[in-house]
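A.B. asks: Need the 3D shape of this:
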Amino acid sequence: MTYLSYRLAVIGGGAMGEALVAGALRSGQYRPEEIIVSEPLAGRRSYLEERWRVCTSAGNMEAVQGTGIIVTAVKPQVFFDVLKPLTAVISPEQLLISVAAGITTGQIESMLTGPVPVIRVMPNTPCLVGKGAAVLARGTYALEEHVETAKNLFGALGFTAELPEGSLDGVTALSGSGPAYVFLMLEALIEGGVRVGLPRELSRELVLHTVAGAVDMLVETGQHPAVLKEMVTSPGGTTACALEHLETEGLRGTLIKAVVRAWERARELSGAKE
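C.D. replies: You can find the predicted model right below:
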């Protein structure tokens, strides 16, 4: 694999773009002088230069020319407007990585000139704190080494996996939207603690440590969630009473239906056909 250089260009200096820069630097994959971030806001450019010591540019064209790896960290609504002027200068020797939800590798490849390797990534917001989950899908011309490059980059932000592109709508529905489901449940649990008389800050701390501990326990034991649930549940006890109420109210089915509904919406937005 031949890249034009060893520099990384990040188009978009927002939260996800900054997370990628931070991960690339902290993992030791890149030095600050090997990274350039394209960002239209002068104040944001100044912040990125001061905080991370990377190069910045107000123009995307300057950022991508002569750069080996290009990551487009912009919202789907502006993706095509951002990419169109760059198609004349992006070459097959470069690797283009997109994090724009709902935009397929085929749509991207149709705009490019020549067999440019393209990888689509569906990350989630915990990537911003290095605890994310990102799933990759390769385009027509992306080789194994391109996938490894993308995995290394996003691996610095958490868990990574590769799937066929047709599965990314499901990923969007589960891990992409998933943090919002969890935040809603956390919000409800904290409020529940307040309702039974606990101070709000203490309720928050108890909920956060309980959830984090439960996740760690699941990861470290490797047990099925149902097995660990039974460990907490005594016959006729408080947990059994609470679980009975949750099942009666349909929590399990509601969560499953939420993921399915998000998947359906993701397919609508990406133009997927049955």
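
A.B. asks: Can you spell out which helices and strands pack onto the strand or helix carrying residue 110?
C.D. replies: Secondary structure assigned from DSSP states H and E places residue 110 in helix 105-111. Using 3 or more C-beta pairs under 8 Å, 6 or more residues apart in numbering; DSSP states H and E as the contact criterion, the secondary-structure elements in contact with helix 105-111 are helix 76-83, strand 95-98, strand 118-122. C-beta: built from backbone N, CA, C; applies to glycine.

A.B. asks: how about those in TSV, adding mean neighbour count?
C.D. replies: What follows is the helices and strands packed on helix 105-111, written out as TSV (neighbours: other C-beta atoms under 10 Å):
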stretch	mean neighbour count
helix 76-83	15
strand 95-98	26
strand 118-122	26
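
A.B. asks: okay, the ones you listed in CSV with distance to residue 270 next?
C.D. replies: What follows is those, written out as CSV (distance: least, C-beta to C-beta, whole Å):
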stretch, distance to residue 270
helix 76-83, 10
strand 95-98, 13
strand 118-122, 11
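
A.B. asks: Looking only at residue counts, what's the top helix in this structure?
C.D. replies: In terms of residue count, the longest helix belonging to the chain (DSSP state H) is helix 200-221.

A.B. asks: quick one on the thing from earlier: quick one: mean pLDDT over the helix holding residue 110.
C.D. replies: In this model, helix 105-111 has an average pLDDT of 95.

A.B. asks: which stretches of the stretch 101-250 of the chain form strands?
C.D. replies: 118-122, 132-138, 158-162 (DSSP state E, counting those that start in this stretch).

A.B. asks: winner for burial among these?
C.D. replies: Comparing the strands of the stretch 101-250 of the chain by mean neighbour count (mean count of other C-beta atoms under 10 Å), strand 118-122 ranks first with a mean of 26.

A.B. asks: State the paired neighbours of it in the sheet, together with their directions.
C.D. replies: Strand 118-122 has the following sheet partners, assigned by DSSP bridges: strand 95-98 (parallel), strand 132-138 (antiparallel).

A.B. asks: angle of it against strand 158-162?
C.D. replies: Here strand 118-122 runs at 130 degrees with respect to strand 158-162, directions being taken by axes from the mean of the first three to the mean of the last three C-alpha atoms, to 10 degrees.

A.B. asks: just how off-centre is stretch 193-212 within its chain?
C.D. replies: With C-alpha atoms, centre = their mean, to the nearest Å as the basis, stretch 193-212 stands 28 Å off its chain's centre.

A.B. asks: which residues are in contact with that stretch?
C.D. replies: Under the criterion C-beta atoms under 8 Å, 6 or more residues apart in numbering, residues 182, 186, 189, 190, 191, 192 lie in contact with stretch 193-212.

A.B. asks: give me that answer again for 10 Å
C.D. replies: 182, 185, 186, 187, 188, 189, 190, 191, 192 (C-beta atoms under 10 Å, 6 or more residues apart in numbering).
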